[in-house]
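S.K.: Provided below are the primary sequence and the corresponding predicted coordinates.
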Amino acid sequence: MRYITILLLCWGISANGQNARVENDSTKVTELEEVIITAAVKKKIETEMKMAVSVDEFLASSENISFIKRGAYAWEPLLNNMSTERSTITIDGMHIFGACTDKMDPITSYVESNNLATIDIKSGQEGSMHGSTIAGSIDLKRKSTAFTDEKNWRGSYQTGFEFNNKQFFNLGNVSYSSDKFVADGSISYRKAENYSDGNNDEVNHSQFNKFNTSLGLAYKTSPLSSLRADAIFDVAKDVGYPALPMDLWLSRALITSVAYKQLFEEGLIRVWDSKIYFNAIEHYMDDTKRPENLVHMDMPGWSTTYGLVSKVNLIKDNLSSEIQLNAYNNLSIAEMRMYPQDRSERTMFAYSWPWVTTRYAGLSVNNSLDFTEKSQVNFGGSLGVNYNHSKYVDFNWIFYPGAPQEKTRLLPSLNANYILNISDFNFSVGAGYGHRAPSVSEGYGYYIYNSFDRYDYIGNPDLKNEISYEANASAGLKKEKMSIEAKVNYFHIQNYIIGKILSLGSPMNYQSVGVKGYTSLDYARLFNFSLNARYNILDHLHWNGTLTYARGQDDKDGNLPFIRPLSYQTSLQYHYKKFGVQTSVNGDLAQVHYSPEYGEDETPKYTVWNISADYTFYIKNVRSIFQMGAENILNEHYSTYADWGNIPRMGRNIFTSLKINF
């Protein structure tokens, strides 16, 4: 027997360096069977250039993720160049579904950087632990303070100002820990006005106003177990979307959970962690500030979800496993209300989400087996059951007579990965197979207006499951002064769901040019490549570079929409004692593989230069950091392939930030 220390704050631990992590808990030092445990290093929610980032800005620093932008707020994350329907986005494993048919409230918009500890990104079927997926998973992990022998208070405060859009923000955190009780709290507020583009022209309807707060309470029920309750409350008001004909009047979310975690001193099972959760989201889009619209429309939406996540971690010799049960029930409702100029009268009402209930239950297994000290195999799979029921299916019967009111689907998944380490080199090769069910919009949406291609979209309840066949590989070299790694993946997706023009029906929105129905292509192909390099030029001077490329084609060799062209980023960081300076250059080449069929046009190349400097100082042993920098120093006027309606990006933006840790 050996004595080991279990660090409660860590989100996961790895046994024998394996990828299948055994999660730790908030318990005291205790005696366990002989097992080597190392704490996983947590990455701060900040980038090299900017410490006061939003969740979207932090995710954008990953080579796996790009964004569709319809404004300055609530960007839609694209994992492996696939839309959010093909990825699973969770908060601590909890399933949460937005309430906006225009996807203006991705799950990432309901958290803030100061209530997150880290973000776990899994590519392809490696992300199937949290449910069926094609692109992978993004799990937003909240902060959780460890129990301590002595009573302890900690906190931080961060404030700053961004000059381009006059954004003012305040972020605060406080935590209390003792032997039996822990409390975590956070609060944040951001307010921004319209931003200006590279031509110094104001981009109307790009303002936003966001408030977020969270609270977590944990109690140690025994030396090896704890009970924790968490809640997040988020409110956004007066959010403009320059790429859309409507804005957000109000978005509100309540996200709650209660979790019980148990450690075991010996035996096959080492950790058992179970959680029940509930979340409710309401989202109100309207166009009251768009007097140019001939017909006014409100689009309120509601999404309510409750569920269960229960997982166990097991270790036996050189094999470690994680088994997870996911189950949830979601109700999605969205309405369209049209008014004439006199808003006291209503001319039309319809459900764009006709009270759609989704029930899901799935069992996932992930295993990690060490063959030798240099080689490892990770393998696993999942099986899920997805059930949909539409209360007002007669909306779909207009276009699909006799379409079923309810649908049950089986969603299997398999994945395997082999890792080999030889001296300074590392290699991996893997494969995956998985299904996903159509989303609520794809299956049951009714006249959902897409302002990108200007078509109204109709869901089809009879769509087949999408089926993904995936292959991936990586190779890297890591030395003391430098490292380089290349990654590649390829997806062959059968029954690829996308919109096609319908011959029947006329558009409901006066801005629409026609009606499209969600249908399935025979297949689509998607290829992603990334190259990352690092070099320590001097002890205090470091260089990083990233190159990414993607290509997506349908079954007729046509281009898929929103596929990122060749992009690059290079940066230098200099740190000496209390000072730090960072500069970076990033950009995209021209998007020549665009898709006019889906509303795209060619976007030219662009290059953006950024710089920042920071200084660390102490006031009575209180550590503080002041940072100042500029984004888009040359005031480049540009829009990217993923900017909805070619809205221009922000021009030169000078920012300041002050962070105090106490």
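M.R.: Received, thanks.
S.K.: Strands along the stretch 551-662 of the chain, start to end?
M.R.: Ranges of strands in the stretch 551-662 of the chain, per DSSP state E, counting those that start in this stretch, are 567-576, 579-588, 606-619, 622-631, 653-661.
S.K.: Can you add mean neighbour count, distance to Q511 and mean pLDDT and give those strands back as JSON lines?
M.R.: Quick note: C-beta positions are derived from backbone N, CA and C, even for glycine. Compiled in JSON lines, those are given as follows (neighbours: other CB atoms under 10 Å; distance: least, CB to CB, whole Å; pLDDT from 0 to 100):
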{"stretch": "strand 567-576", "mean neighbour count": "16", "distance to Q511": "32", "mean pLDDT": "95"}
{"stretch": "strand 579-588", "mean neighbour count": "18", "distance to Q511": "29", "mean pLDDT": "96"}
{"stretch": "strand 606-619", "mean neighbour count": "16", "distance to Q511": "29", "mean pLDDT": "95"}
{"stretch": "strand 622-631", "mean neighbour count": "17", "distance to Q511": "33", "mean pLDDT": "95"}
{"stretch": "strand 653-661", "mean neighbour count": "17", "distance to Q511": "31", "mean pLDDT": "96"}
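S.K.: Can you add distance to A431 and give these back as CSV?
M.R.: What follows is those, written out as CSV (distance: least, CB to CB, whole Å):
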stretch, distance to A431
strand 567-576, 27
strand 579-588, 30
strand 606-619, 36
strand 622-631, 40
strand 653-661, 43
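S.K.: Among the ones you listed, which comes closest to I458?
M.R.: When these are compared by CB to CB, strand 579-588 sits nearest I458, at 33.1 Å.
S.K.: what about the closest one, distance to the chain center?
M.R.: 24 Å (CA atoms, centre = their mean, to the nearest Å).
S.K.: same question, stretch 570-580
M.R.: Average the C-alpha atoms of stretch 570-580, do the same for its chain, and the two points are 29 Å apart (CA atoms, centre = their mean).
S.K.: now do stretch 458-478
M.R.: Stretch 458-478 has its C-alpha centroid displaced from the chain centroid by 17 Å (CA atoms, centre = their mean).
S.K.: buried ones in that stretch?
M.R.: Neighbour-count burial for stretch 458-478, counted by 16 or more other CB atoms under 10 Å, picks out 458-461, 463, 465-468, 470, 472-474, 476.
S.K.: Export those to CSV and append columns for pLDDT and secondary structure.
M.R.: Listed next are the buried residues of stretch 458-478 as CSV, based on pLDDT from 0 to 100; DSSP: H, G, I helix; E, B strand; the rest coil:
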residue, pLDDT, secondary structure
I458, 93, strand
G459, 94, coil
N460, 93, coil
P461, 93, coil
L463, 95, coil
N465, 97, coil
E466, 97, strand
I467, 98, strand
S468, 98, strand
E470, 98, strand
N472, 97, strand
A473, 98, strand
S474, 97, strand
G476, 97, strand
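S.K.: Any idea what the closest residue to F181 other than its chain neighbours is bridged to?
M.R.: Across the structure, with CB to CB, 6 or more residues apart in numbering as the measure, the residue nearest F181 apart from its sequence neighbours is Y219 (5.7 Å). Y219 has these beta-bridge partners by DSSP bridges: F181, L227.
S.K.: And for G552?
M.R.: According to DSSP bridges, L526 are recorded as the beta-bridge partners of G552.
S.K.: The helix or strand hosting A533 to strand 567-576, inter-axis angle?
M.R.: Per DSSP states H and E: A533 is located in strand 514-538. For the pair strand 514-538 and strand 567-576, the angle between their directions (axes from the mean of the first three to the mean of the last three CA atoms, to 10 degrees) equals 40 degrees.
S.K.: quick one: the residue nearest the centre of the chain and M129, what's the gap?
M.R.: Taking CA atoms, centre = their mean as the criterion, I138 is the residue nearest the geometric centre of the chain, at 4.8 Å. Counting by CB to CB, to the nearest Å, the gap from I138 to M129 is 12 Å.
S.K.: Tell me where the stretch 51-200 of the chain has helices.
M.R.: Counting by DSSP state H, counting those that start in this stretch, one finds helices in the stretch 51-200 of the chain at the ranges 55-59.
S.K.: thinking again about what came up before, check what pLDDT the residue nearest to the centre of the chain gets.
M.R.: The score at I138 is 96. That number is its pLDDT.
S.K.: L59 is in contact with that one, correct?
M.R.: Yes: because the distance of 7.5 Å satisfies CB atoms under 8 Å, I138 is recorded as touching L59.
S.K.: what is in contact with these two at once?
M.R.: Residues within reach of I138 and of L59 at once, by CB atoms under 8 Å, 6 or more residues apart in numbering, are I65, P77, T108, I119.
S.K.: thinking again about what came up before, I'd assumed A259 was in contact with the residue nearest to F181.
M.R.: No: with the criterion set as CB under 8 Å, Y219 and A259 do not qualify as a contacting pair; they are 11.4 Å apart.
S.K.: Any idea how many residues pack against N199?
M.R.: Using other CB atoms under 10 Å as the criterion, N199 is surrounded by 9 other residues.
S.K.: please begin residue numbering at 20 from this point
M.R.: Done: numbering now begins at 20, and the last item shifts to N218.
S.K.: nearest residue to it other than its sequence neighbours?
M.R.: In space, N218 comes closest to H656 once its chain neighbours are excluded; the distance is 4.9 Å by CB to CB, 6+ apart.
S.K.: Next: P373.
M.R.: With sequence-adjacent residues excluded and distances taken as CB to CB, 6+ apart, P373 is closest to Y411, at 3.7 Å.
S.K.: Return the residues in contact with the residue nearest to the centre of the chain.
M.R.: Under the criterion of CB under 8 Å, 6+ apart, the contact list for I157 reads 78, 84, 96, 98, 106-109, 127, 138-140, 146.
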